[in-house]
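1. after the sequence you'll find the predicted model.
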Amino acid sequence: MAIPRISNKLIINRHQRQAKYFIEDLGNNVTLEMVAIPGGTFMMGSPDTEEGHRGSESPQHQVTVKFFFMGKYPVTQAQWQAVAALPQVNSELNSEPSYFKGADRPVERVSWYDAVEFCSRLAQKTGRNYRLPSEAQWEYACRAGTTTPFHFGETITPELANYNSNSTYGNGVKGESRGETTAVGSFGVANDFGLYDMHGNVWEWCADSWHDNYERAPSDGSVWEDKNYNDNDCRLLRGGSWFINPVKCRSAFRSDLIPGARRYDYLGFRVVCAAAWT
């Protein structure tokens, strides 16, 4: 149920709902909560009228996404360490890559290749299809049925997410920037699918290659890796981070980085699982 809250004359929607999920046991009392994301159809991208709109978010297009599971939070350092201790699949993993230390903080300073290896090790351990989300899955899951710039409404405030709150978006207010990551779920604000930290904290790697806009983009929610139309060798990042201005934390905002980059303390990810839990 959404509970309207008045903040600076704007309605901010705080969501409290019981999501369907399963828990993956990673050993040593470390678990991974996976939330069921129902299939559906949405408009991907942003309208020209949205504050901060960029051409890379156009054209808006209808995408139909199949049911899947997604991590309730970005992957934490405790989860990372548990999976990094599993047998190697393709590449080595640093068990403690993060700059901002904390078992419940999101893992950061991980490359796209590192995140893919994490998924491969987790899939090998569990027998389930863990991987990075497609860009369409990420935006669909972030929006959770909303069409506003953020899943909680028209603006973002420092009490809702971890971002550079020295800047504002819309009629939002400034606040003291934290200057570092925060423990996952610490703001207590989930979207209507039951996902936390979709705006801010750490950028989240997606599986797709970067394309300058959505011309020829798939409409079925699949990973877009068409080499004929890949505009560079970079991979997608979504969600913004503690370091970034609020306009770049919007549901529709797209960024990219070379897949081998790992030295940044704002690069994280969350996982999806395509197969239903049985």
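-> Perfect, I can see it now.
2. mind listing the strands for the stretch 51-200 of the chain?
-> All strands of the stretch 51-200 of the chain, identified by DSSP state E, counting those that start in this stretch, fall at 61-65, 68-71, 130-131.
3. need the mean per-residue confidence for the last one.
-> It stands for strand 130-131. For strand 130-131, mean pLDDT rounds to 98.
4. about what we covered before: and among the strands of the stretch 51-200 of the chain, the most buried is which?
-> strand 68-71 (a mean of 25; mean count of other CB atoms under 10 Å). All C-beta spots, glycine's among them, are computed from the backbone N, C-alpha and C.
5. and that strand, what does it pack onto?
-> strand 30-37, helix 135-143, strand 272-273 (3 or more CB pairs under 8 Å, 6 or more residues apart in numbering; DSSP states H and E).
6. about what we covered before: so which of the strands of the stretch 51-200 of the chain is nearest Lys101?
-> Proximity to Lys101, assessed across these by CB to CB, is greatest for strand 68-71 (20.5 Å).
7. got a list of contacts for the closest one?
-> In this structure, residues lying in contact with strand 68-71 by CB atoms under 8 Å, 6 or more residues apart in numbering are 21-22, 32-37, 133, 137, 141, 193, 195, 270-274, 276-277.
8. quick check: which ranges of this structure have low pLDDT?
-> By pLDDT under 70, the weakly predicted segments of the chain are 1-19, 228-232, 275-278.
9. in it, which spans are helices?
-> All helices of the chain, identified by DSSP state H, fall at 77-84, 112-126, 135-143.
10. what angle separates the last one from strand 30-37?
-> Computed with axes from the mean of the first three to the mean of the last three CA atoms, to 10 degrees, the direction of helix 135-143 lies at 90 degrees from that of strand 30-37.
11. what of the second one?
-> Orientation of helix 112-126 against strand 30-37 (the same axes, to 10 degrees) gives an angle of 100 degrees.
12. next, the angle helix 77-84 makes with helix 112-126.
-> Going by the same axes, to 10 degrees, helix 112-126 is angled at 70 degrees with respect to helix 77-84.
13. so which bits of helix 112-126 are buried?
-> Residues of helix 112-126 classed as buried: 112-123, 125 (neighbour count, 16 or more other CB atoms under 10 Å).
14. pull the CA atoms of that helix into PDB?
-> C-alpha atoms of helix 112-126 as PDB (Å, rounded to 0.1, in the frame of the first residue of the first chain):
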ATOM      1  CA  TRP A 112      31.400  -5.700 -15.600                       C
ATOM      2  CA  TYR A 113      33.500  -8.900 -16.100                       C
ATOM      3  CA  ASP A 114      33.700  -9.300 -12.300                       C
ATOM      4  CA  ALA A 115      29.900  -9.100 -12.100                       C
ATOM      5  CA  VAL A 116      29.500 -11.600 -14.900                       C
ATOM      6  CA  GLU A 117      31.900 -14.000 -13.100                       C
ATOM      7  CA  PHE A 118      29.900 -13.600  -9.900                       C
ATOM      8  CA  CYS A 119      26.700 -14.600 -11.700                       C
ATOM      9  CA  SER A 120      28.500 -17.600 -13.300                       C
ATOM     10  CA  ARG A 121      29.800 -18.900 -10.000                       C
ATOM     11  CA  LEU A 122      26.400 -18.400  -8.400                       C
ATOM     12  CA  ALA A 123      24.700 -20.200 -11.300                       C
ATOM     13  CA  GLN A 124      27.200 -23.100 -11.100                       C
ATOM     14  CA  LYS A 125      26.600 -23.400  -7.300                       C
ATOM     15  CA  THR A 126      22.800 -23.300  -7.500                       C
END
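15. that helix packs against which elements?
-> helix 77-84, strand 130-131.
16. check the last one too.
-> Using 3+ CB pairs under 8 Å, 6+ apart as the contact criterion, the neighbours of helix 135-143 among helices and strands are strand 30-37, strand 40-44, strand 61-65, strand 68-71, strand 203-209, strand 235-238.
17. for these, which one sits closest to Gly52?
-> Nearest of those (CB to CB): strand 235-238, 14.6 Å.
18. pairing partners for the closest one, with directions?
-> In the sheet, strand 235-238 lines up against strand 203-209 (antiparallel), strand 255-257 (antiparallel) (DSSP bridges).
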